[in-house]
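Peer 1: Sequence and predicted structure below; questions after.
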Amino acid sequence: QKNIYATPGDDCGLRRVGSQGSLDGMSLVFFQHQRHTADAMATRKSELARCLQSLLLVFSLLGTSIAWADSPAALREQYASLGEKLSQSPFKRPLILDSTEAPDRVQGDVLAVINFPFATVKAGLNSPDHWCDVMILHINTKYCRASTGPAGNFLRVHIGRKTPEAMADSVGVDFSYRAAAASDEYLDIFLSATQGPMGTSDYRIRLEAVPLPGDRTFLHLSYAYCTSLVGRLAMETYLATLGSEKVGFTVTGTQADGQTEFIGGVRAVVERNTMRYYLAIDAFLEAEKAAPAERLERRLQNWFTATESYPRQLHEMDRASYLEMKRAEVARQNSVLE
């Protein structure tokens, strides 16, 4: 599994330090500044052990990001290694969700088996326009339009509140779209944006997929972004007020009353949004079976039904309110050009 930290010049300007590398650096500095006596050696070992325990605690809280396969063979191997976890998933479908939190970056990952032939997945998701059909299902997406320019394909997306909102009050985000691979054996799609709302940046959405026997597909979806000081302050305000009772999917323990305790904070936020995007992909693909005139309504109904399977994490409004808001947003999206 890859390290959660970035290399110099990568995500958010963080420095990659593996757990072993971190301990080597700590011990080197420690040994260079202590007297070489038996007592000092004993002290160093004791403090180093405490450092190790602290590091292990930190890494357990931050989570461990899921490595990208980067090839069809590697992605199939990843699927084979996850057989038991997928079959025993608590999500009532073959799905694994994980999240990571670094000082300036958060990431959510979904690994799942979906009941669609790979040809359907490839045809559906190897298209910027279709990604707009996916993204508009998310409750916070107010607008999405795909375009082609000198720099390639991109999606103009507006992000806003979970309620009806004027375009002028939402935040525009430009995602570049790139199909790194689209063969009969492997699909690899990248969406990235330099800037986002509330001081966030370096948005990355990536999808890898390979065919499985029985007209099924295995996919890995990732959603990640960087946060600035302004963004972290805004998020802390949200988590202390409107988001104080919201949770993610990672189980952290059991409450005194026997109820399951779920993760909160920033990881909960990224887990909810990663799941929303995954369910949007699933809803979009299922609706492709319908006649073109019926697909939008079917996508909207599918997405809402799927999110209500996880009400503790994803319920925000009733079905009628969601459908009314999204029908209006799609109509606006089809009439407004930016």
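Peer 2: That came in fine, so what should we check first?

Peer 1: for the stretch 51-200 of the chain, what spans make up the helices?
Peer 2: 72-81, 83-87, 118-125, 128-135 (DSSP state H, counting those that start in this stretch).

Peer 1: Turn those into CSV, including mean pLDDT and distance to residue 157.
Peer 2: For every residue, glycine as well, the C-beta is placed using N, CA and C. Shown next, in CSV, are the helices of the stretch 51-200 of the chain (pLDDT from 0 to 100; distance: least, Cβ to Cβ, whole Å):
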stretch, mean pLDDT, distance to residue 157
helix 72-81, 96, 27
helix 83-87, 94, 31
helix 118-125, 98, 16
helix 128-135, 97, 6
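
Peer 1: Just name the most buried of those helices.
Peer 2: Among the helices of the stretch 51-200 of the chain, the stretch with the highest mean neighbour count (mean count of other Cβ atoms under 10 Å) is helix 128-135, at a mean of 21.

Peer 1: what's it packed up against?
Peer 2: Where contact means 3 or more Cβ pairs under 8 Å, 6 or more residues apart in numbering; DSSP states H and E, helix 128-135 is packed against helix 118-125, strand 141-149, strand 152-159, helix 265-287.

Peer 1: Which one of the ones you listed lies nearest to residue 103?
Peer 2: Smallest distance to residue 103 across these (Cβ to Cβ): 10.9 Å, for helix 265-287.

Peer 1: wait, what's in contact with residue 165?
Peer 2: residue 142 (Cβ atoms under 8 Å, 6 or more residues apart in numbering).

Peer 1: if I look at it, how far off is residue 323?
Peer 2: Distance of residue 165 to residue 323, computed by Cβ to Cβ, to the nearest Å: 16 Å.

Peer 1: TSV for the helices of the stretch 51-200 of the chain, including distance to residue 257?
Peer 2: Shown next, in TSV, are these (distance: least, Cβ to Cβ, whole Å):
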stretch	distance to residue 257
helix 72-81	36
helix 83-87	28
helix 118-125	42
helix 128-135	38
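
Peer 1: Those: which one's closest to residue 295?
Peer 2: helix 128-135 (8.0 Å).

Peer 1: Okay, now the sheet partners of the host helix or strand of residue 203, with direction.
Peer 2: Using DSSP states H and E, residue 203 falls within strand 200-212. In the sheet, strand 200-212 lines up against strand 187-195 (antiparallel), strand 216-227 (antiparallel) (DSSP bridges).

Peer 1: thinking again about what came up before, ok, which of the helices and strands packed on helix 128-135 comes nearest residue 178?
Peer 2: strand 152-159 (6.8 Å).
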